[in-house]
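Asker: Model the structure of this input:
(chains A and B)
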Protein chains: 2
Amino acid sequence: MRAVCLLSGGLDSATTLACALRDGFEVYSISFDYGQRHQVELECAQRVSDALGAAAHKVIKIDLRAFGGSALTADIDVPKGRPTAEMGEGIPITYVPARNTVFLSIALAWAEVLGATDIYLGVNAVDYSGYPDCRPEYIEAFEKMANLATKAGVEGHGALKIHTPLISLSKAEIIQLGVSLGVDYGLTHSCYDPVEGRPCGRCDSCQLRLAGFVEAGLRDPLEYAG
Amino acid sequence: MRAVCLLSGGLDSATTLACALRDGFEVYSISFDYGQRHQVELECAQRVSDALGAAAHKVIKIDLRAFGGSALTADIDVPKGRPTAEMGEGIPITYVPARNTVFLSIALAWAEVLGATDIYLGVNAVDYSGYPDCRPEYIEAFEKMANLATKAGVEGHGALKIHTPLISLSKAEIIQLGVSLGVDYGLTHSCYDPVEGRPCGRCDSCQLRLAGFVEAGLRDPLEYAG
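Answerer: Numbering: from 1, shown residues only, chains lettered A, B, ... in the order given. The predicted structure is shown next:
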């Protein structure tokens, strides 16, 4: 039984991959080289995939820089040192237009070729409430569309399912779940804007991660800049 | 008022671009270099885009060959000389897994950056009834998903619309429409498997095109192989 798991190399997607393996799937992990600032995450994705035991890992190149429109892909500054209370308000500048839709669509293409009917995605509606494409109603709509888009949908066999095991967990709960499933968070990468190869500790993503470890009563194995 | 139009360089998408311009949009055309056999279509797309007067044309590279699974992207023979009556049965080997979903998603990303709420797609449910992602119910489901996926959906301004002006037209009707809108079909390219740079005349796509010109009472300006 095969599944495709989107893997960014970050904490959430590493935990999601561990969930897919726990659920008994032979898991094919997929990452995207989309012109992101933090390309080091692609190496992390490969290491996480190997360490957890995915059946295969592919990196698909797609140049979302061709469009711009986000601090992660265009020359816009990544916000630093924002109070975490502000992060849930509005749509952050680090939102990449239609990114989850593009990534899920490509994962769907691979799933169809593999004969897989399950796709795992590490979205979270708690910490990233400002991202439209992390909401449960979006995931449901994608799943419905995907079932009409593919051979499986036309031929009526094997309905496609999008699994989002983290969607209602806090960062601390995600970390506790991952630790219980054997995820080595020292292999993961969360920073939007690393400083000399080390996580900055001050962007929204680093702050949420650090606060999650504190709340979980665990130590983040990563070494932060400065 | 801006719109994004998917443009393959073929007869249908050229006609669709002409429809978007007729509808009064400033049109941004997008093509995909996805490892297809018939790369010449990308040059055709640029020429069609220039000739009809799109505001800009982008080619996005995405390697769907990484997955295989179709005669258009893997080393599987393209069928030749099939009776047109057989073409509507089952899902053809030239179906590329989740292709329209991947392409529409990327078009959606560009639309969001451009502030466009309209996307044009030249799908047709008559001649290509075997492709799951050419059906009206699929297009509706994509539109619904897209409205949840994007900033516009969250903020409640400007619902995104997917336009499919050709969906219920016959090939002959498409050609007549395009001619009425000034499309030069000599710039387009339809063949799945060109022979020495010229359309083969025998694959499903060439046969449907040629039959359409005959039915429309017009002459195809292209020169065919052998």
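
Asker: biggest helix in chain A, by residue count?
Answerer: In chain A, with assignment by DSSP state H, the single longest helix is helix A:99-114.

Asker: Quick one: mean pLDDT over stretch A:149-157.
Answerer: Here stretch A:149-157 scores 67 as its mean pLDDT.

Asker: then stretch A:60-70 to CSV, C-alphas only?
Answerer: Only the C-alpha atoms of stretch A:60-70 are listed here, as CSV (Å, rounded to 0.1, in the frame of the first residue of the first chain):
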residue,chain,number,x,y,z
ILE,A,60,11.0,18.3,-8.3
LYS,A,61,12.2,21.6,-9.7
ILE,A,62,9.6,24.2,-10.3
ASP,A,63,10.5,27.9,-10.6
LEU,A,64,7.9,29.8,-8.5
ARG,A,65,10.4,32.7,-8.6
ALA,A,66,9.1,33.3,-12.1
PHE,A,67,6.1,34.8,-10.5
GLY,A,68,7.5,36.4,-7.2
GLY,A,69,4.9,37.6,-4.8
SER,A,70,6.3,36.2,-1.5
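
Asker: tell me how far it is from the chain's mean position?
Answerer: Per C-alpha atoms, centre = their mean, to the nearest Å, the displacement of stretch A:60-70 from the mean C-alpha position of its chain is 17 Å.

Asker: model confidence over that stretch, on average?
Answerer: Stretch A:60-70 shows a mean pLDDT of 75.

Asker: Following element in sequence after the longest helix of chain A, please.
Answerer: Proceeding N to C from helix A:99-114, the next assigned helix or strand is strand A:118-120, under DSSP states H and E.

Asker: Next one: the residue nearest to residue A:53 when sequence neighbours are not counted from residue A:194, what distance?
Answerer: Closest residue to residue A:53 apart from its sequence neighbours, by C-beta to C-beta, 6 or more residues apart in numbering or on different chains: residue A:21 at 6.5 Å. For every residue, glycine as well, the C-beta is placed using N, CA and C. Counting by C-beta to C-beta, to the nearest Å, the gap from residue A:21 to residue A:194 is 28 Å.

Asker: which residues in chain A form strands?
Answerer: Assigned by DSSP state E, chain A shows strands spanning A:2-6, A:26-33, A:56-61, A:118-120, A:161-163.

Asker: Need those strands in CSV (columns: distance to chain B and mean neighbour count).
Answerer: Listed next are the strands of chain A as CSV, based on distance: least, C-beta to the nearest C-beta, whole Å; neighbours: other C-beta atoms under 10 Å in any protein chain shown:
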stretch, distance to chain B, mean neighbour count
strand A:2-6, 10, 25
strand A:26-33, 9, 23
strand A:56-61, 6, 16
strand A:118-120, 11, 24
strand A:161-163, 11, 17
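
Asker: sorry, back to before: for the longest helix of chain A, which helices and strands make contact with it?
Answerer: strand A:2-6, strand A:26-33, strand A:118-120, helix A:136-149, helix B:99-114, helix B:136-149 (3 or more C-beta pairs under 8 Å, 6 or more residues apart in numbering or on different chains; DSSP states H and E).

Asker: Kindly reformat the ones you listed as JSON lines containing distance to residue A:49.
Answerer: Formatted as JSON lines, the helices and strands packed on helix A:99-114 follow (distance: least, C-beta to C-beta, whole Å):
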{"stretch": "strand A:2-6", "distance to residue A:49": "9"}
{"stretch": "strand A:26-33", "distance to residue A:49": "4"}
{"stretch": "strand A:118-120", "distance to residue A:49": "13"}
{"stretch": "helix A:136-149", "distance to residue A:49": "23"}
{"stretch": "helix B:99-114", "distance to residue A:49": "22"}
{"stretch": "helix B:136-149", "distance to residue A:49": "26"}
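
Asker: Of all those, which one comes closest to residue B:25?
Answerer: Nearest to residue B:25, of all the helices and strands packed on helix A:99-114, is helix B:99-114, at 11.0 Å by C-beta to C-beta.

Asker: Quick one: distance of the closest one to the chain centre.
Answerer: 14 Å.

Asker: Just want the angle from that helix to helix A:99-114.
Answerer: 170 degrees (axes from the mean of the first three to the mean of the last three C-alpha atoms, to 10 degrees).

Asker: and helix B:99-114, average pLDDT?
Answerer: Average pLDDT, helix B:99-114: 92.

Asker: For chain B, see how far away the residue nearest to residue A:45 when sequence neighbours are not counted is.
Answerer: With sequence-adjacent residues excluded and distances taken as C-beta to C-beta, 6+ apart, residue A:45 is closest to residue A:9, at 3.6 Å. Distance of residue A:9 to chain B, given as C-beta to the nearest C-beta, to the nearest Å: 18 Å.

Asker: For residue A:174, give me its contacts.
Answerer: A:11, A:12, A:15, A:124, A:166, A:212 (C-beta atoms under 8 Å, 6 or more residues apart in numbering or on different chains).

Asker: I'd like these written out as TSV, with neighbour count added.
Answerer: Below are those laid out as TSV (neighbours: other C-beta atoms under 10 Å in any protein chain shown):
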residue	neighbour count
A:11	27
A:12	27
A:15	28
A:124	24
A:166	27
A:212	22
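
Asker: Report the lowest-confidence entry in those residues.
Answerer: Taking those together, the minimum pLDDT is found at residue A:124 (89).

Asker: Next, work out how far apart that residue and chain B are.
Answerer: 16 Å.

Asker: Same check on residue A:175?
Answerer: 28 Å.

Asker: Over to residue A:204?
Answerer: 17 Å.

Asker: From residue A:100, how far off is that residue?
Answerer: 17 Å.

Asker: How about residue A:22?
Answerer: 23 Å.

Asker: Mind checking which of these two has more residues around it?
Answerer: With neighbours defined as other C-beta atoms under 10 Å in any protein chain shown, residue A:22 and residue A:100 compare such that residue A:100 has more, 20 against 13.

Asker: tell me the contacts of the nearest residue to that one once chain neighbours are set aside?
Answerer: Closest residue in space to residue A:100, ignoring its immediate chain neighbours: residue A:133 at 3.8 Å, by C-beta to C-beta, 6+ apart. By C-beta under 8 Å, 6+ apart, the residues touching residue A:133 are A:98, A:99, A:100, A:101, A:123, B:148, B:149, B:150.
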